[in-house]
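In: okay, here's the prediction I keep looking at, along with the sequence it came from:
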Amino acid sequence: MPSRFPGAITQDWDTVVLHKSKPKSQDLRDPKAVNQALRSGAPVQTVKKFDAGSNKKSSAPAIHARKLDEAAEPAALEKLPAEVRQAIQKARLEKKMSQAELAKQINEQPKVVQEYENGKAVPNQAVLAKMERVLGVKLRGKIGK
């Protein structure tokens, strides 16, 4: 029976290098390990966590709230004019649609249509454009006039 290996038989071994296991994260946070890394010049990352490990309420939010109060008051948000609210409601009723049906056609929640008709909504040009398209009424030119 002929041999499968012609010529001299050699070993084809790859060298394997065993490394020490990586240090655990708790060992890296140990003050001794941090000081040793600082002394050797290795990069050390420190992160200060806000109120870490305490149940105390800090006085910082109150300071921020006071600063906000002392700052100039922001202008009130723009609300929908009464004529636009009435135009939406009138056009919807002429088309014999409910608020839910209108909301479904403009791909919004019924609450949005309700807020627009009640005047509680902050005008959004995209929503008004959808309502104009479905109801066939001009709404956007009336805002702010």
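Out: Now that the structure is in, tell me what you want to look at.

In: ok, V122 touching Y116?
Out: No: contact criterion C-beta atoms under 8 Å: V122 and Y116 do not qualify, at 9.9 Å. Every residue, glycine included, has its C-beta placed from N, CA and C.

In: and for those two, which residues touch both?
Out: L80 (C-beta atoms under 8 Å, 6 or more residues apart in numbering).

In: where along the protein do the helices fall?
Out: Along the chain, the stretches classed as helices by DSSP state H are 25-28, 31-40, 60-70, 82-94, 99-105, 110-118, 125-135.

In: ok, and what's touching the first one?
Out: Just to be clear, that refers to helix 25-28. Outside helix 25-28, the residues within contact range by C-beta under 8 Å, 6+ apart are A33, V34.

In: average pLDDT for it?
Out: Helix 25-28 carries an average pLDDT of 74.

In: ok now it, how far from the chain's centre?
Out: Centre-to-centre, helix 25-28 and its host chain are 32 Å apart (C-alpha atoms, centre = their mean, to the nearest Å).

In: least confident secondary structure element in this structure?
Out: Across the helices and strands of the chain, mean pLDDT, DSSP states H and E gives its lowest value to helix 60-70, namely a mean of 61.

In: redo the helices of the chain as CSV? Include distance to V16.
Out: What follows is the helices of the chain, written out as CSV (distance: least, C-beta to C-beta, whole Å):
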stretch, distance to V16
helix 25-28, 26
helix 31-40, 29
helix 60-70, 55
helix 82-94, 76
helix 99-105, 67
helix 110-118, 66
helix 125-135, 64
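
In: quick one: those as TSV, columns for mean neighbour count and distance to L18 too.
Out: Shown next, in TSV, are these (neighbours: other C-beta atoms under 10 Å; distance: least, C-beta to C-beta, whole Å):
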stretch	mean neighbour count	distance to L18
helix 25-28	10	20
helix 31-40	11	22
helix 60-70	9	51
helix 82-94	16	75
helix 99-105	17	66
helix 110-118	18	65
helix 125-135	17	63
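
In: need the least confident one among those, by mean pLDDT.
Out: Looking at these, the bottom one is helix 60-70 with a mean of 61.

In: tally of neighbours for P123?
Out: 17 (other C-beta atoms under 10 Å).
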